[in-house]
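**Q** have a look; sequence and predicted model below, questions after that.
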Amino acid sequence: MKNKSLSYSIDYDCEAEIISLSGKLHLVQREKAFHEILSWFDLVIDKEPPRVLLDVSNLEYLNSLGISVIAKFVIRARDKKSIHVVVKASEEIIWQTKSLVNLKRIMPSLEFFFC
């Protein structure tokens, strides 16, 4: 599945279990993008893959609602107990190094890969 707008792109490779977010994503609760991302995350969790890679390394901007959507994804994965989540992030994008590491508080087994 893939969605591309003027400012962001979301891609889900169901065979490799990779969710890629890129661009600038300003989520608003009532907008299509918000519900679309939640639906894709739910689809992945419901499949219960052994491993999921969430690649945000090319996501330049994500507002606080977007970070909470990612946190919900991590919580749902943690609750399944059978899903290992790996987050690929960029050391060059400051919000990623500061905000995403807090997800370890939610899921201590969460793995980070900074590029």
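**A** That came through, no problem.

**Q** against D79, how distant is A33?
**A** 24 Å (CB to CB, to the nearest Å). Where C-beta positions appear, they are placed from N, C-alpha and C, glycine not excepted.

**Q** pLDDT weak spots in the protein?
**A** Scanning the chain for pLDDT under 70 picks out the ranges 1-6.

**Q** from the contact counts, what lies against the host helix or strand of K104?
**A** Element membership of K104 [criterion: DSSP states H and E] is helix 103-106. With contacts defined as 3 or more CB pairs under 8 Å, 6 or more residues apart in numbering; DSSP states H and E, helix 103-106 has these neighbours: helix 64-80.

**Q** buried ones in the helix it packs on?
**A** Using 16 or more other CB atoms under 10 Å as the test for burial, helix 64-80 gives G66, I67, V69, I70, A71, K72, F73, V74, R76, A77, R78.

**Q** now swap in stretch 8-23 and tell me
**A** Of all the residues in stretch 8-23, those buried under the rule 16+ other CB under 10 Å are Y8, S9, I10, Y12, E17, I18, I19, S20, L21, S22, G23.

**Q** sitting in strands, which of these do you find?
**A** Counting by DSSP state E, the buried residues of stretch 8-23 place Y8, S9, I10, Y12, I18, I19, S20, L21, S22, G23 in strands.
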